[in-house]
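In: Predicted model, plus sequence, below.
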Number of protein chains: 2
Amino acid sequence: MRPPIDFYFDFSSPYSYIANEWVDALAARHGRTVRRHAILLGVAFAAAELRSPVAYPIKRDYVLRDFARSARFEGLPYAQPDVFPVASQLAARIFWWQLAVAGEAAGAHWARSAFRAYFTRGSLLSDMAVLRGVAQDAGLDADAAEAASNHPEYKDALRRANAQALAAGVFGAPYFVVDGEPFWGNDRKAQIERTLERGPMQV
Amino acid sequence: MRPPIDFYFDFSSPYSYIANEWVDALAARHGRTVRRHAILLGVAFAAAELRSPVAYPIKRDYVLRDFARSARFEGLPYAQPDVFPVASQLAARIFWWQLAVAGEAAGAHWARSAFRAYFTRGSLLSDMAVLRGVAQDAGLDADAAEAASNHPEYKDALRRANAQALAAGVFGAPYFVVDGEPFWGNDRKAQIERTLERGPMQV
């Protein structure tokens, strides 16, 4: 049994949304599974003294264009949310709840549902009323999802995930670790695929 | 006659070295030529309030690994120079000299020669004695190259290139403009290729 691909993401990250759509199929083509880690990129940015690319005016116009183009390159719908970035801790805690009570596939299902809601329909994941609707559309119990999003257990699970990500060297999202080799960015897909085919490219 | 691909680079940028190796073949496959612009990334960074990725400790380890891996992905040799980044204005002025006196192919030849010297042999492009050797290896007259690297005309050509790049929205390197569509990064190669094949992906 070959080790899973670790996949770190933030629900507010467009490139994470895109990667979330291809990572399972890519892993499956090479006999791997995906281990997802919902984190808060703000924590990683603060630790690394980095800022979001949209925080820089000159870069902002470019990356907004690149978000849509990169989605299109993967054949995915994309609509830039009006509110961006969005506070993503509630959605992340629901992820950790689903992972804990229903397993990896349920976590992946929630990740896909929440990402699509935000990046194709602009559903504001930070708004509890909206989030309840997204949960319901994903087949979850809205009351249970709301409770999980504020539960000390899942607050703690998210804090632990952030700390673990920092310890693993994560400074951006999406971030992947394949057999110990780190990859940052949706645009490292081809390198990840070649690594899965032939082993690490790095000496 | 379809318009050329504009290609902005800094001689100190590893991803620019890599892109410089594939951009001509990619352009030629689609009936295009390449118009090179040697610039100083520091000027663009300052204007955009950005810093080099190696300026962030957590990011530094990753990108050093990624430089070598990304070169390997393209089948290119790469040896991380001991002195990095390097002050690249002398090499850039020699580029603008060659472009002015001998044309685009001569500029491309110098770009390739200087990039390979720095990123495969660690030749310090900021050191005049070393630079003279690199120029000579590239078939240039070392005295003429040294003179050009300090000549007001080519100092001015480089300043104009930096200003033009800023006006064009360049905030990093390599940076490409294909039929008005901007692309930042060696890792946008596949998107550039698809744009050349099918036209802009962006609505």
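Out: Yes, it's here. Numbers count the residues shown, from 1 in each chain, chains lettered A, B, ... in the order given.

In: residues from chain A in reach of chain B?
Out: Along chain A, the residues adjacent to chain B under the rule CB under 8 Å from any CB of the partner chain are A:47-50, A:56-59, A:61-62, A:65-66, A:68-70, A:72-73, A:169, A:171-172, A:182, A:184-185, A:187-188, A:190-191, A:194, A:201-203. Any C-beta I mention is one placed from the backbone N, CA and C, and that applies to glycine too.

In: Tell me the buried residues within these.
Out: With neighbours counted by 16 or more other CB atoms under 10 Å in any protein chain shown, the residues of chain A next to chain B contain buried members at A:48, A:50, A:56, A:58-59, A:62, A:66, A:68-70, A:72-73, A:169, A:171-172, A:182, A:184-185, A:187-188, A:191.

In: how about A:Lys118, what does it touch?
Out: Just to correct that, residue A:118 is Tyr rather than Lys. A:Tyr118 is in contact with A:Phe11, A:Ser12, A:Tyr17, A:Pro81, A:Val86, A:Leu124, A:Leu125, counting by CB atoms under 8 Å, 6 or more residues apart in numbering or on different chains.

In: Tell me the most packed of these, by neighbour count.
Out: A:Phe11 (31 neighbours; other CB atoms under 10 Å in any protein chain shown).

In: Skipping adjacent residues, who's closest to it in space?
Out: Spatially, and ignoring its direct neighbours in sequence, A:Phe11 is nearest to A:Ser88 (3.8 Å; CB to CB, 6 or more residues apart in numbering or on different chains).

In: Next up, phi/psi of that neighbour, please.
Out: With angles defined as degrees, to the nearest 10, A:Ser88 shows backbone torsions of phi -110, psi 10.

In: Wait, it touches A:Val43, no?
Out: No - with contact taken as CB atoms under 8 Å, A:Ser88 and A:Val43 are classed as non-touching, separated by 11.1 Å.

In: Looking at those two now, which is surrounded by more residues?
Out: Neighbours were counted for A:Ser88 and for A:Val43 using other CB under 10 Å; A:Ser88 has more, 25 against 19.

In: Could you report the separation of the more buried one from B:Arg65?
Out: Taking CB to CB, to the nearest Å as the criterion, A:Ser88 is separated from B:Arg65 by 28 Å.

In: What of A:His37?
Out: In terms of CB to CB, A:His37 sits 20 Å off from B:Arg65.

In: Pull out the buried positions in stretch A:110-127.
Out: If you call a residue buried by 16+ other CB under 10 Å, then stretch A:110-127 has these buried ones: A:110-111, A:113-119, A:123-126.

In: A:Arg35 - that's part of a strand, no?
Out: Yes - residue assignment for A:Arg35, taken from DSSP: H, G, I helix; E, B strand; the rest coil, places it within a strand.

In: beta partners of it?
Out: Listed beta-bridge partners, A:Arg35: A:Asp6 (assigned using DSSP bridges).

In: just the strands in chain A please.
Out: A:5-9, A:34-38, A:175-178, A:181-184 (DSSP state E).

In: ok, A:Phe11 - contacts?
Out: With CB under 8 Å, 6+ apart as the criterion, the residues that contact A:Phe11 are A:Ala38, A:Val86, A:Ser88, A:Ala91, A:Ala92, A:Phe95, A:Ala111, A:Ala114, A:Phe115, A:Tyr118, A:Leu125.

In: Let me know whether A:Tyr62 touches B:Gly169 as I believe.
Out: Yes - A:Tyr62 sits in contact with B:Gly169 when judged by CB under 8 Å, with a separation of 6.8 Å.

In: tell me, what's touching these two both at once?
Out: A shared contact of A:Tyr62 and B:Gly169, defined by CB under 8 Å, 6+ apart, is any residue touching both; here these are B:Pro182.

In: from memory A:Ala111 sits against A:Asp10, does it?
Out: No - proximity of A:Ala111 to A:Asp10 does not meet the contact threshold set by CB under 8 Å, at 10.9 Å.

In: list residues touching both of those two?
Out: A:Ala38.

In: related to what we said a few turns ago, nearest to A:Glu153, out of the strands of chain A?
Out: Distances from A:Glu153 to each of these were compared by CB to CB, and the smallest falls on strand A:34-38, at 14.6 Å.

In: and that closest one, what does it pack onto?
Out: With contacts defined as 3 or more CB pairs under 8 Å, 6 or more residues apart in numbering or on different chains; DSSP states H and E, strand A:34-38 has these neighbours: strand A:5-9, helix A:14-29, helix A:89-102, helix A:104-121, helix A:152-167.
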